[in-house]
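Chemist: what would the 3D arrangement of this be:
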Amino acid sequence: MEQEVKYIALKDLVLWTENPRDPIDPTAKDQDVVDRALSDPNLKWSLDKLCAEMGEYYDLSELPTVVYHKKVPVVYDGNRRVVLGKIKFGLVEVPEATDLVIPTFPHSIPCNVCDETIALRNVLRKHSASGSWHPLERDMFLYKFMREKKSSFLILAESTGIIEANPYLNQRFVKEEIFRDDVLGSLGFTVQEGRLYSVHNQQESRAILTDIAKKIELKEISTRRNRGKVVEVLDQVSQEIIEKNKDKGVHLAKVRFSKKVTKNAPKITKRSPKQDAELFGGKLYLQIGEVSDLYRDIVDLYNFYIAHKNHLSPSFPSIFRVALRLLCETAAGGTTRKVESYVAKNFANAKKDLSQDVKTTLSNQNVKELSMMQLLHTGAHNYKASSNVDQTIALSVIIGAMLTISHGREE
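Modeler: Residues are numbered from 1 along each chain as shown. Just a heads-up that it's a prediction; the model follows:
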């Protein structure tokens, strides 16, 4: 098995329709893949963010992985960059409203050309643990391309459609701590020979799975709340169903969840408006006192910013960085040295309970234990650097997690 770097013209490269990021019909063409990337219905492509990350020019050191199918070079890894190149040179059609600021691109780019076995291994190594794939995409890739057995999570998803209907369930915590074999068994479900079985009838099965999904959506079951408790958190009606049927024999589960779709949708739709990220990663429940009061003041200020940001100066977000430093100093007891100790004591435990997606966001924004003090210090002395809203939001998320540990209200 060999790998070889070759320059290939963008016009000759073919986008991979079975990209685990967002697979579509294998017979689709490049235009179909680009249409999908621009509409981004599942928020998997983020082309505008990629443009910003790439800077002013295409980095030749970032090699797409390419496999020749007969004489056709198919891009197994690096599809997003190749999509931008095809848009840049008009090799595909895009709506007039497309506002991507694409960096300078060469007409031909160096590619890592290899056989499919190496390509698939490379794709798995680069994306499996990076946070760019959700658990369901990873499990599907392992089954489809690496010939591994279907996971129970994948079988549940395929049998019921519950993950597609409720995308927020597609997270590592749900796979490993809720929809795993022993917990499914306690709920009256079991996986046998690649199929899902249940002791409940169709209506009861749907009620229990719907109840679980709702509890996860409302964060009544999470990495911070009721962890390790599933049956106990369910509604009384669900618990009674489970108890009533616990000694019954299993039969093939016949429950199906449907994803809501918009009928007669145009081929390319206008990009949905961006959702403003949540400060601190969501609402915090803190002990009554100065830290809680300051936290609430910062949230109110952030809501004001969201409502009026079109009329405020670009440097306004730097106020939040100063406020976050003040919040940390208040939580730690008032001095910079105490903040250092506070971060050292709480950062690792706080990060441990975050989802893989959030951890990836922190990494992308350079929010690490060793960089925390520098980021907070920058916020007080450099308004230009601290106006980076995305980094400030990421910083607030880990601070929120630390405050939950040190000043969280007992439930």
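Chemist: tell me the confidence at Gly275?
Modeler: Rather than Gly, residue 275 is Gln. Note on Gln275: pLDDT of 48.
Chemist: distance from the chain centre to stretch 19-38, please.
Modeler: How far stretch 19-38 lies from its chain's middle: 20 Å, per Cα atoms, centre = their mean, to the nearest Å.
Chemist: now swap in stretch 9-22 and tell me
Modeler: Centre to centre, stretch against its chain (Cα atoms, centre = their mean), the figure for stretch 9-22 is 22 Å.
Chemist: in that stretch, what's buried?
Modeler: Residues of stretch 9-22 classed as buried by neighbour count (16 or more other Cβ atoms under 10 Å): Leu10, Leu13, Val14, Leu15, Trp16, Thr17, Glu18, Asn19, Pro20, Arg21, Asp22. Backbone N, C-alpha and C define where each C-beta goes, glycine included.
Chemist: spit out the contact partners of the residue nearest to His134 when sequence neighbours are not counted.
Modeler: Spatial nearest neighbour of His134, chain neighbours left out: Asn170 (4.3 Å); criterion: Cβ to Cβ, 6 or more residues apart in numbering. Residues near Asn170 by Cβ atoms under 8 Å, 6 or more residues apart in numbering: His134, Pro135, Leu136, Ile163.
Chemist: the same query, at a cut-off of 10 Å, please.
Modeler: Asn42, Trp133, His134, Pro135, Leu136, Glu137, Phe153, Ala157, Ile163, Glu164 (Cβ atoms under 10 Å, 6 or more residues apart in numbering).
Chemist: I'd like the distance between the fifth one and Leu209.
Modeler: It refers to Leu136. For Leu136, the distance to Leu209 (Cβ to Cβ, to the nearest Å) stands at 16 Å.
Chemist: check the last one too.
Modeler: Glu164 sits at a distance of 13 Å from Leu209 (criterion: Cβ to Cβ).
Chemist: for whichever strand or helix holds Lys351, packing partners?
Modeler: Assigning secondary structure by DSSP states H and E places Lys351 in helix 336-352. In this structure, helix 336-352 packs against helix 318-332, helix 356-364, helix 372-381, helix 389-407, with contacts taken as 3 or more Cβ pairs under 10 Å, 6 or more residues apart in numbering; DSSP states H and E.
Chemist: how's the protein carved up into domains?
Modeler: 3-129, 138-252, 279-407 (automatic domain parsing).
Chemist: could you dump these to a markdown table with distance to Lys259 and mean pLDDT?
Modeler: Listed next are the domains of the chain as a markdown table, based on distance: least, Cβ to Cβ, whole Å; pLDDT from 0 to 100:
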| stretch | distance to Lys259 | mean pLDDT |
| --- | --- | --- |
| domain 3-129 | 10 | 89 |
| domain 138-252 | 5 | 92 |
| domain 279-407 | 20 | 86 |
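Chemist: next, format those as JSON lines and append distance to Ser258.
Modeler: JSON lines is the format used below for the domains of the chain (distance: least, Cβ to Cβ, whole Å):
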{"stretch": "domain 3-129", "distance to Ser258": "16"}
{"stretch": "domain 138-252", "distance to Ser258": "6"}
{"stretch": "domain 279-407", "distance to Ser258": "25"}
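Chemist: hang on, the earlier thing: just want the angle from the helix holding Lys351 to helix 356-364.
Modeler: 140 degrees (axes from the mean of the first three to the mean of the last three Cα atoms, to 10 degrees).
Chemist: put the alpha carbons of helix 336-352 into PDB.
Modeler: Provided in PDB are the C-alpha atoms of helix 336-352 (Å, rounded to 0.1, in the frame of the first residue of the first chain):
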ATOM      1  CA  THR A 336      -5.200  37.200  40.600                       C
ATOM      2  CA  ARG A 337      -3.200  34.600  42.600                       C
ATOM      3  CA  LYS A 338      -6.400  33.200  44.000                       C
ATOM      4  CA  VAL A 339      -7.900  33.000  40.400                       C
ATOM      5  CA  GLU A 340      -4.900  30.900  39.300                       C
ATOM      6  CA  SER A 341      -5.600  28.500  42.200                       C
ATOM      7  CA  TYR A 342      -9.300  28.500  41.400                       C
ATOM      8  CA  VAL A 343      -8.700  27.600  37.800                       C
ATOM      9  CA  ALA A 344      -6.100  24.900  38.700                       C
ATOM     10  CA  LYS A 345      -8.600  23.400  41.200                       C
ATOM     11  CA  ASN A 346     -11.700  23.300  39.000                       C
ATOM     12  CA  PHE A 347     -10.800  23.400  35.300                       C
ATOM     13  CA  ALA A 348     -10.100  19.700  34.700                       C
ATOM     14  CA  ASN A 349     -13.300  18.500  36.600                       C
ATOM     15  CA  ALA A 350     -15.400  21.100  34.800                       C
ATOM     16  CA  LYS A 351     -14.100  20.200  31.400                       C
ATOM     17  CA  LYS A 352     -14.600  16.500  32.000                       C
END
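Chemist: run through who's touching that helix.
Modeler: 223, 325, 328-333, 335, 358-359, 362, 367-370, 372-373, 376-377, 397-406.
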